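J.: From the sequence below, what's the structure:
(one chain, ligands or ions: 1)
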Amino acid sequence: AARPNDLDAHWMPFTANRRFKSAPRLFVGAEGNYYLSSDGRRILDGMAGLWCVNAGHGHPRIREAIKAQADGLDYVSCFQMGHPDAFTLANRMVGMLPDGLDHVLFSNSGSEAVDTALKVALAYHRQRGEGGRYRLIGRARGYHGMGFGGLSVAGISRHRRDFGPLLPGAAHLPHTLDLARNAFSRGEPEHGVELADDLERLVQIHDASTIAAVIVEPVAGSTGVLPPPKGYLKRLREICDKHGILLIFDEVISGFGRLGASCAAEAFGVTPDMITCAKGLTNGAVPMGATVVGKHVYDAFMTGPESAIELFHGFTYSGHPLACAAGLATLQVYEEEGLFERTRKIADHWEQAAHALKGAPHVIDIRNIGLVAAIEFAPRPGGPGQRSAECAETCYQDGVLVRAGADLIVLSPPLTIEPDEIDRIFASIRKALDTIA
Ligand code: PMP
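T.: Down below sits the predicted model:
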């Protein structure tokens, strides 16, 4: 029977809210760069929700678009039917993205977008008569969502441990943390080409004829903001081209403005065969994911020996009217408010404010790119992760929401953040660090 006074009485223990009891943070509203907490405080959002509210909370135009859609078409399947906004949104997305990303498959989350991309990669090779390519390669420290496909290619063993054996033949590139560490210096880490050559070594071990695709986060996000070392992505592209392997960028975080561009492919000038996106696509207001593929991938289905119609993939809510309405309004806001350009401009201030933490207690590294940053701490002897948890809690008490990782504070504010709010975030972290043992 329900225990009505105990809010988390019916949560499952392994949800993300495992620590709910010890740190209840309930929000009842949000506007612009702030949350309103249930105890009546305005909390500066240093995380854009969860890397998604790029245009700020409760944007009136996005809100109105969702309301208007709720008053109109509630639902239509996108199997052999649809609604105009789904086509318009696909067109707008392709118009914003770099050349070479041409066709959109809608889904409902980053995890679904990733699993869709992996399935498309397998089917692409089959369409071309290369069905022996089944292996999917990810990167140690890569995060690609919670579906079985994404888990298989992701490199965080703790996430995979209890759910094996997962997809057969997944392999992982070594992680790049040591070289990606800025160690207080700014700019791109070096040695990208040598690091990418790890892929060439994996290809030699596994044989190119077994490998379908390589998936990477261009900037590893939730594992600690690791910008790609110089030349890394370009070299991956070259190796994939040489061996007929598809390259997928997981742009669930890096897509739609976080790096001051439509996506990382644009920011780094390297176009993969597919990108996955979610989060910023609808400003977090309605769940939506999308997998965008190049024309050559699309053509393989339209002209391949098996009819593309025989292939079956899609979700009940793919291209949901509410999500499409939110997506269209969001893209319009990004464009009209020039938020990607604004991000490029304000990124200097962001970098300086982040690096002003140099020399603060416990800080061993500061990494930043676009409007994202990670502050890494030395682990407390005997208590890994404690310093970041305490820092985040102290900031929260101070009215600033930051995200604690494993001895990391990760930051990705709305792209609408003002310079004085940036200063406030880093001042709050600094104050917290001064009080933490
Ligand atoms: N890929 C990346 C790079 C992500 O950061 C995330 C979410 N943090 C996902 C996939 C999964 O997205 P979702 O939680 O919407 O399924």
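J.: Listing request: residues of this protein with sub-threshold pLDDT.
T.: Residues of the chain meeting the criterion pLDDT under 70: 1-5, 13-24, 175-187, 304-310.
J.: what residues go with each domain of it?
T.: 27-55+338-435, 65-336 (automatic domain parsing).
J.: of those domains, which approaches Asp6 most closely?
T.: domain 27-55+338-435 (15.8 Å; Cβ to Cβ). Placement of C-beta: from N, CA and C, glycine included.
J.: and that closest one, how far apart are its ends?
T.: Length of domain 27-55+338-435, first residue to last, Cα to Cα, to the nearest Å: 26 Å.
J.: try stretch 286-299
T.: End-to-end span of stretch 286-299 (Cα to Cα): 31 Å.
J.: still on that earlier bit, out of the domains of the chain, which gets nearest to Ala9?
T.: Going by Cβ to Cβ, the one of the domains of the chain nearest Ala9 is domain 27-55+338-435, 17.6 Å.
J.: Can you tell me which residues in the stretch 201-350 of the chain are near the ligand?
T.: With Cβ under 6 Å from any ligand atom as the criterion, the stretch 201-350 of the chain comes near the ligand at residues Glu217, Gly221, Ser222, Asp250, Val252, Ile253, Ala278.
J.: Run a quick neighbour tally on the second one.
T.: Just to be clear, that refers to Gly221. Residues near Gly221, counting by other Cβ atoms under 10 Å, number 23.
J.: list the contacts for it?
T.: Gly221 sits next to Trp51, Tyr143, Val252, Ile253, Ser254, Val372, Val410, Ser412 when contact means Cβ atoms under 8 Å, 6 or more residues apart in numbering.
J.: what about Asn332, distance to Tyr34?
T.: Slight slip there: residue 332 is Gln, not Asn. Counting by Cβ to Cβ, to the nearest Å, the gap from Gln332 to Tyr34 is 23 Å.
J.: Secondary structure and neighbour count added to the contacts of Gly221, as TSV?
T.: Putting those into TSV (DSSP: H, G, I helix; E, B strand; the rest coil; neighbours: other Cβ atoms under 10 Å) gives the following:
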residue	secondary structure	neighbour count
Trp51	helix	22
Tyr143	coil	25
Val252	coil	30
Ile253	coil	28
Ser254	coil	31
Val372	strand	26
Val410	strand	24
Ser412	coil	30
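J.: and of these, the nearest to Phe312?
T.: Using Cβ to Cβ, the contacts of Gly221 come closest to Phe312 at Val252, 24.1 Å.
J.: quick one: which of Gln332 and Tyr34 has more around it?
T.: Neighbour totals were compared for Gln332 and Tyr34, and Tyr34 leads with 20 against 15 (other Cβ under 10 Å).
J.: Go ahead and confirm that one touches Gly46.
T.: No. The pair formed by Tyr34 and Gly46 falls short of the contact definition of Cβ atoms under 8 Å, at 10.8 Å.
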